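Undergrad: coords please:
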Amino acid sequence: MKGEVGNERTFTRAELAEFCGLPGNVLKRFLDRELLAPLRGSVDRFSFRAAGSARVLAQLWRAGWTAARIERALRLARTVVADSDEALTGLLASIGQRRVVVRAPDGRLLEPGGQLMFDFAAMTANDGSAALPRMRDTNDWFAIGVDAEAAGRLDDAIRAYERAVPGGSAEVHFNLGNCYYQQRRRSEAGAQFVAAVGKAPDYAEAWNNLGIVRGELGDRDGALEALRSALELVPHYADAHYNLAEALAVVGDMDGARAHWRAYLTFDPNSRWADQVRRRLQSNDGS
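TA: I've put the predicted structure just below:
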């Protein structure tokens, strides 16, 4: 099967705007100021890591921050937190503040210049007693999971997504399945992809990933069914064509495999997998 499930999710600009709840013109301002960047070599595809940053930008924008203000604040934040993504996330601590403050990855609250601030909000409630942690809802846990997954902290991402599952969307199940897959927990991943397509039957990427997992678990018929479902929804889905070709080759249907390898080359002729597909076609030429 092509690639690892957890690394396949990318977003078009329109999908990214919808995912983050941003108007297209606002997203364009973030792109114009290079607060977000597409994948290298692309003008309209964004990584999952970029989606995590876009969610943070959306939170700041909903709090009334303009793109120009975010750009200025991010420059200040990077004086105390070098990593751009961590600095951006740290700026969420500035919401409601009169000046820029940054939450460092280790939890410290800092001013630009590095001065440590005493975090009264975290330590006390309004009456001066020890504060109770704010109860988080499904959307909060999902956002925490997105940020943790984008930063490569799979254990944290899984814990957050699992808390988001009750009442969560298909996207919660999809992301949790991807994280399980990256930890080689194939059966659990498959169950999450089944849940995702149960909630959103038109979720082509979830059908594709379900096909990958079923194939790796030895369920050949189930893999073929899932991959065909993905292509019924999105006939130009190159990865699903590749995966279906591989699945058909495993069961000995070489005519079908060649048809889908050719379709893959039609829709994604310049990928790093394309030369491999051409070699497969040459070595399995039925003529």
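Undergrad: which residues of the stretch 151-287 of the chain score low on pLDDT?
TA: 285-287 (pLDDT under 70).
Undergrad: Could you pull out the helices in it for me?
TA: Listed in chain order, the helices of the stretch 151-287 of the chain (DSSP state H, counting those that start in this stretch) span 154-164, 170-182, 186-199, 204-216, 220-233, 238-250, 254-267, 274-283.
Undergrad: Among these, which comes closest to residue 83?
TA: helix 154-164 (16.3 Å; C-beta to C-beta). For glycine as for every other residue, the C-beta is placed from the backbone atoms N, C-alpha and C.
Undergrad: related to what we said a few turns ago, closest one to residue 39 among the helices of the stretch 151-287 of the chain?
TA: Closest among the helices of the stretch 151-287 of the chain, using C-beta to C-beta: helix 238-250, at 14.9 Å.
Undergrad: Tell me the buried residues in the closest one?
TA: Under the neighbour-count criterion of 16 or more other C-beta atoms under 10 Å, helix 238-250 has 238, 239, 240, 241, 242, 243, 244, 245, 246, 247, 248, 249 buried.
Undergrad: And the most centrally placed residue in the chain, how close does it get to residue 98?
TA: Central residue of the chain (C-alpha atoms, centre = their mean): residue 48, 3.5 Å from the mean position. Distance, residue 48 to residue 98, by C-beta to C-beta, to the nearest Å: 34 Å.
Undergrad: Equivalent analysis for residue 142, please.
TA: In this view, residue 142 and residue 98 are 30 Å apart by C-beta to C-beta.
Undergrad: out of these two, which sits in the more crowded spot?
TA: residue 142 (23 against 6; other C-beta atoms under 10 Å).
Undergrad: Pretty sure residue 173 is one of the things the more buried one touches, is it not?
TA: No. Using C-beta atoms under 8 Å, residue 142 is not in contact with residue 173; the gap is 10.7 Å.
Undergrad: which residue sits closest to residue 50, ignoring its sequence neighbours?
TA: Excluding its sequence neighbours, the residue lying closest to residue 50 (C-beta to C-beta, 6 or more residues apart in numbering) is residue 36, at 5.7 Å.
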